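Peer 1: Coordinates only, no sequence provided:
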């Protein structure tokens with residue numbers, strides 16, 4: 001039995017990724033608030049005069065599509081009010097968010113709360129404040145919404161509430177933390193765990209480093225060995241030798 005034709009009008013969405021198809025078309029990965037991550041096919045979409053020239057990352061859009069199967073045909077794209085454009089220095093952070101969604105979110109699984117978190121994170125990245133706190137909170141909420149939420153409120157081995165003054169190690173198998181010796185390698189302060197769980201503000205660069213290490217370990221466990229391209233690019237940029245000025 002053939003699948004019924006799907007017709008959607010003016011769905012709020014963001015472009016996550018696009019790739020050329022044949023002479024002038026695009027295959028576009030989008031994240032829609034009410035429809036989740038999905039693929040749409042945009043005919044005659046390449047070129048500055050295309051009606052689909054708006055299909056750019058980090059831009060809030062209203063998309064309409066119709067068709068059967070896994071990649072319906074895009075019918076219209078309109079700009080709508082959303083976060084301000086990302087400054088050039090934050091584009092890599094934005095692409096990192098997109099790659100996480102592409103690799104960890106199941107297709108056609110609606111996540112309206114995750115969509116709202118993504119949109120709010122883009123707004124924070126557009127501000128001059130540091131990017132790291134916004135990225136760490138997004139990572140924590142992403143894992144929560146896709147069913148891999150970390151238990152940051154209780155000790156996995158005792159069931160007791162996480163203590164602000166104690167230190168912990170992350171245990172991937174239980175997506176939780178166990179008590180650790182202060183100063184041991186990879187130890188994470190209980191206060192850091194509490195702030196990650198509740199969306200609080202980190203109090204120092206040291207806390208941010210601990211939060212980054214924890215979230216990286218948790219994400220790597222979910223990625224199951226898949227490499228994030230944005231991480232590789234960021235490392236390459238950091239290691240790229242700067243030429244000395246001669247003028």
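Peer 2: Perfect, thanks for sending it. Note that the coordinates shown come from a computational prediction; the quantities given were computed from them, not determined experimentally. Residues are numbered from 1 along each chain as shown.
Peer 1: Now the longest strand along the chain: average pLDDT?
Peer 2: When the chain is parsed with DSSP state E, its longest strand is strand 6-21. When pLDDT is averaged along strand 6-21, the result is 94.
Peer 1: Other residues contacting that strand?
Peer 2: The contact list for strand 6-21 (CB atoms under 8 Å, 6 or more residues apart in numbering) reads 26-35, 37, 41-42, 46, 55-68, 72, 78, 80, 98, 101-102, 115, 118-119. All C-beta atoms are positioned from the backbone trio N, CA, C, and that covers glycine.
Peer 1: Over to stretch 185-202?
Peer 2: Contacts of stretch 185-202 (CB under 8 Å, 6+ apart): 133, 136-137, 140, 150, 152-153, 162-170, 177, 180-181, 203, 207-208, 210-211, 213-215.
Peer 1: Pull up the distance across stretch 16-31, start to finish.
Peer 2: One end of stretch 16-31 sits 7 Å from the other (CA to CA, to the nearest Å).
Peer 1: what do you get for stretch 190-206?
Peer 2: One end of stretch 190-206 sits 13 Å from the other (CA to CA).
Peer 1: from the chain's centre, how far out does that stretch sit?
Peer 2: Averaging C-alpha positions (CA atoms, centre = their mean, to the nearest Å) puts stretch 190-206 19 Å from its chain's average.
Peer 1: got it, and stretch 119-128?
Peer 2: That offset, for stretch 119-128, works out to 12 Å (CA atoms, centre = their mean).
Peer 1: Ok, stretch 155-166 next?
Peer 2: When distances are taken as CA atoms, centre = their mean, stretch 155-166 is centred 28 Å away from the chain's centroid.
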